[in-house]
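Undergrad: sequence below, structure please.
(chains A and B)
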Amino acid sequence: SQELEQSPQSLIVQEGKNLTINCTSSKTLYGLYWYKQKYGEGLIFLMMLQKGGEEKSHEKITAKLDEKKQQSSLHITASQPSHAGIYLCGADKGGGADGLTFGKGTHLIIQP
Amino acid sequence: DAMVIQNPRYQVTQFGKPVTLSCSQTLNHNVMYWYQQKSSQAPKLLFHYYDKDFNNEADTPDNFQSRRPNTSFCFLDIRSPGLGDAAMYLCATSSQMATNEKLFFGSGTQLSVL
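TA: Down below sits the predicted model:
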């Protein structure tokens, strides 16, 4: 079965600083999804990447999928308190309706 | 707004006492999922319904059951909750027509077992 490893497990960043979160898969990724979860709440979709080398941005968050399609990174520029939360990467389990396999998440804390 | 709604947000049950968690959706999606997420762990898929077809994950304990009486509603039944079943339970939906956002999640139900 596919495993997703996220690094770092937790991250404390001063407000205004940039940061990067990584997601490494044990198998080739056919669809990589980034979600954000506030503590005690559900997951909110951020971005989806499919093609090797693909890069997407939304506001100050940029996600990339490497050419070999086994690693993705999430980069936040000029972090703000609203960026605090848990960032999870998810991968297609097998296509179709099989759902997603998730990593354990990266806990991001923004220090004022 | 179309959404996925989970009730209740917090549920407390006693060891061994059956409990039901509910999920409803206004998205008219044909697939509904139940995930279990323990503290600092990855959400783990328990099972999903593709329309009326039930698909159980191989390692989901028999203690967990599900019902989907219609397109809009899906229930998670825990027949005899143990202390190890305390977790956040997340419901999600999906449509085969979706091309970008794969899963739409509810806010979750935090289950405590006393």
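
Undergrad: how many other residues sit next to the spatially closest residue to residue A:11 that is not a sequence neighbour?
TA: Ranked by CB to CB, 6 or more residues apart in numbering or on different chains and with sequence neighbours excluded, the top spatial neighbour of residue A:11 is residue A:108, at 5.1 Å. C-beta coordinates here come from the backbone N, C-alpha and C atoms, glycine included. When neighbours are counted by other CB atoms under 10 Å in any protein chain shown, residue A:108 registers 21.

Undergrad: roughly how far does residue A:108 sit from residue A:86?
TA: The spacing between residue A:108 and residue A:86, counted by CB to CB, to the nearest Å, is 7 Å.

Undergrad: now do the contacts for the nearest residue to residue A:111 once chain neighbours are set aside.
TA: Counting by CB to CB, 6+ apart, residue A:111 lies nearest to residue A:14, which is 5.0 Å off, once chain neighbours are set aside. Residues near residue A:14 by CB atoms under 8 Å, 6 or more residues apart in numbering or on different chains: A:79, A:110-111.

Undergrad: which member of the residues you listed is positioned nearest chain B?
TA: residue A:110 (18.9 Å; CB to the nearest CB).

Undergrad: which of the contacts of residue A:14 are buried?
TA: A:79, A:110 (16 or more other CB atoms under 10 Å in any protein chain shown).

Undergrad: could you dump the contacts of residue A:14 into TSV and include distance to residue B:25 and pLDDT?
TA: Listed next are those as TSV, based on distance: CB to CB, whole Å; pLDDT from 0 to 100:
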residue	distance to residue B:25	pLDDT
A:79	33	97
A:110	32	97
A:111	38	96
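
Undergrad: so which of the contacts of residue A:14 belong to strands?
TA: Among those, the members falling in strands (DSSP state E) are A:110-111.

Undergrad: nearest to residue B:112 among the contacts of residue A:14?
TA: Using CB to CB, residue A:110 is the member of these that sits closest to residue B:112, with 29.0 Å.

Undergrad: got the contact list for the residue lying closest to residue A:58 once chain neighbours are set aside?
TA: Once flanking residues are discounted, residue A:58 sits nearest to residue A:47: 6.2 Å by CB to CB, 6+ apart. By CB under 8 Å, 6+ apart, the residues touching residue A:47 are A:33-34, A:56, A:58, A:61, A:63.

Undergrad: which of the helices or strands spans residue 33?
TA: You didn't pick a chain, so chain A it is. strand A:32-37 (DSSP states H and E).

Undergrad: my bad, chain B
TA: Here residue B:33, judged by DSSP H and E, is contained in strand B:31-37.
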